Structures are given as structure tokens and as C-alpha cells.
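Participant: Sequence below, structure please.
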Amino acid sequence: MPAGIKSLRQYLKVVDIVLEVADARLPAASRYPDLGTILGNRTRILVLTRADLADPVATARWLEVFQAGGTPAVALNARTGEGMRALRQQLAGTAKEKREKLAQKGLRARPLRVMALGIPNVGKSSLLNRLAGRGAARTGDRPGITRGPQWIRIEDNMELLDTPGVLWSHWQEPGTALWLGAIGCVPEGILPVTEIAGLVGAFLIGKAPEVLVTRYGITRQEAEGTDLLEAIGRRRGYLLPGGTVDQEKTALALVNDFRAGYLGRFTLELPCK
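Facilitator: Sure, this is the predicted structure:
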């Protein structure tokens, strides 16, 4: 278990509900593998962020799978607020249950305490800011913005705890690390951007080669050829002295376009049938 997760256990004792935040483009691989063991029977809602960048049909399938497995789940876009209503309704329902239990014990009602957990740059702070209705938590389009736990008070009925993103110990397993890098959840510089671009390019060639043709002005043959970065780099003019293509600059452009959704909405893994 990562040390960062261990340090958060103290907060689990004082919160009422945990928002497990994952990326809708990688609904399984962007979750903590053993979070259920850590949380025990604590109330949890799985929140798939950046739903606007994922395939909506695939997201609907994932939500069905999670709900069928007993995990309440919602998908939303924290940037625009789309999908927030379902989450607010679930939080309101939980708050009502807590108030009723406290009343039965003769105790005074207190604010619902909500904790957000997730890997780096998965959108926790943006989600909490949307719930708060203001820029209460620091956000950024890179991992590591949130340095430590921070409480955010919302009027008198809710308190939110933002936490730093932590990767689990074996995130570097083949087939996982590069996908996490593709969606921006791995600190820059740890993974070679050319390898991430290679994975993204191969995915797009298999799923939607036409978007490469449209976005970069290359031919279909070039898009499906053996050196996609060479074709894109030459068309964009990303050349080094001597006329060779700047592979790293080209790779970064491709990866950034993919992360921003300029190449379309894609879900990188699908649930088992």
C-alpha cells in the first residue's frame, strides 16, 4: 500500500462518505486496485470525471457494470458541471440518512464530511471546486497540484476533504503505465513521451485513423504507415537542424491533442462482456 494512502487512513475515521475519483477514459485502470479493502464498509461513490472526453456509449456500459457490482457510480464533467446533479442527489440522500441516525441517538446534526480519493490529476480538486461552487482547491492540468489534504467548507451542510493523488505501488506494470501517461495521470518526465505517443497512435490507427488525417493533414496511407510521428512531424514542420523530425516535440503534440479531446472522445478500456 502506498505511504500516501496509509497517511490518509486517519481521515477515513472522521468522514461520512468517500468519493473515489477515476477517469472515464480509463474507468478500471485509473482506480486504486485495493481501495475496497482500505475503505471497508464505508459509504463510497465512484465518480468518473472527464466524461466529456470518453465515449458516451462505453461510459454508460461501465456505469451499468459498477452499479450491478454494488458500487454507486456517476459520470460527469467537472469543468462544465454536466452530470453533477446525479452526484448532488446521492450526497443529499446520504446526508439525510446521517442526520436521521444522529437524531435517533439524540445527537445534533453536523455537516456531511466528504473525502475525495484518486490517483494524480484525475480531477479531484476540480470536482470539489464544482461542488463548492468556487475555486476553493488548487487545480491544474498536470499531476501533483494538490500537495496535502485540505478541508473545504460548503455553507453549513457539507465539508469536503481534498487529498493529494497517489499512485499504487505497481502502477508501472506493462499495459498500465503508458495508458495512465496517455491521459496525463503520471508526472511528466517519468515515461518517455515517444512511447506514450506510440501507444496513442496505434490506438487511433486501430479505432479512427480518419481523425489523424483530418487533424494533421496527412494521407490515409501515412496515418496507417509504420512511422506516424515522422509523417505528423514533417507536416507540422517540427524539424531539427539537418531536416530530421523532432520526434519528442511531435510526440508531445500528439499526446496533448489526445488528452485535450481534439482527436475525439475515446474510452481506452471496455468492461468484460
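
Participant: going forward, measure contacts and count neighbours with C-alpha atoms only.
Facilitator: Noted.

Participant: Low-confidence stretches in the stretch 1-150 of the chain?
Facilitator: Residues of the stretch 1-150 of the chain that meet the criterion pLDDT under 70 lie in 1-7, 134-149.

Participant: all helices for the stretch 151-273 of the chain, in order.
Facilitator: Applying DSSP state H, counting those that start in this stretch to the stretch 151-273 of the chain gives helices spanning 177-182, 193-207, 209-216, 220-223, 228-236, 247-260.

Participant: Least reliable of those by average pLDDT, please.
Facilitator: Note on the helices of the stretch 151-273 of the chain: lowest mean pLDDT is at helix 220-223, with a mean of 86.

Participant: Okay, domains of the chain per the record?
Facilitator: 3-161, 192-260 (the TED database).

Participant: what bridges to the nearest residue to R234 once chain neighbours are set aside?
Facilitator: Leaving aside its chain neighbours, R234 sits nearest to V245 (6.3 Å; criterion: Cα to Cα, 6 or more residues apart in numbering). Under DSSP bridges, the beta-bridge partners of V245 are L239.

Participant: who touches V245 in this structure?
Facilitator: V245 makes contact with E230, G233, R234, G237, Y238, L239 under the criterion Cα atoms under 8 Å, 6 or more residues apart in numbering.

Participant: Generate the ChimeraX command that creates a selection of the buried members of the residues you listed.
Facilitator: A single ChimeraX command selects the buried members of those (16 or more other Cα atoms under 10 Å):
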select :230,233,234,238,239
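
Participant: Dump the contacts of V245 to TSV, plus distance to E210.
Facilitator: Converted to TSV, these look like this (distance: Cα to Cα, whole Å):
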residue	distance to E210
E230	17
G233	17
R234	18
G237	21
Y238	21
L239	24
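
Participant: on that earlier part again, tabulate the domains of the chain (JSON lines), appending distance to G184.
Facilitator: Listed next are the domains of the chain as JSON lines, based on distance: least, Cα to Cα, whole Å:
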{"stretch": "domain 3-161", "distance to G184": "7"}
{"stretch": "domain 192-260", "distance to G184": "7"}
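
Participant: surely A95 meets L112?
Facilitator: Yes - in this structure, A95 is within contact of L112 by Cα atoms under 8 Å, at 5.8 Å.

Participant: gap between the two ends of stretch 8-17?
Facilitator: 14 Å (Cα to Cα, to the nearest Å).

Participant: tell me the most buried of the helices of the stretch 151-273 of the chain?
Facilitator: helix 177-182 (a mean of 22; mean count of other Cα atoms under 10 Å).

Participant: Can you name every helix or strand that it contacts?
Facilitator: helix 193-207, helix 247-260 (3 or more Cα pairs under 8 Å, 6 or more residues apart in numbering; DSSP states H and E).

Participant: Export only the CA atoms of the shortest one, formatted as CSV.
Facilitator: Yep, that's helix 247-260 we're talking about. The C-alpha coordinates for helix 247-260 follow below in CSV (Å, rounded to 0.1, in the frame of the first residue of the first chain):
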residue,chain,number,x,y,z
GLN,A,247,10.3,13.1,-32.5
GLU,A,248,9.8,14.3,-29.0
LYS,A,249,8.1,17.5,-30.0
THR,A,250,5.9,15.7,-32.4
ALA,A,251,5.1,13.0,-29.8
LEU,A,252,4.2,15.7,-27.2
ALA,A,253,1.8,17.4,-29.7
LEU,A,254,0.0,14.1,-30.5
VAL,A,255,-0.3,13.2,-26.8
ASN,A,256,-1.6,16.7,-25.8
ASP,A,257,-4.1,16.7,-28.6
PHE,A,258,-5.3,13.3,-27.4
ARG,A,259,-5.6,14.4,-23.8
ALA,A,260,-7.5,17.6,-24.7
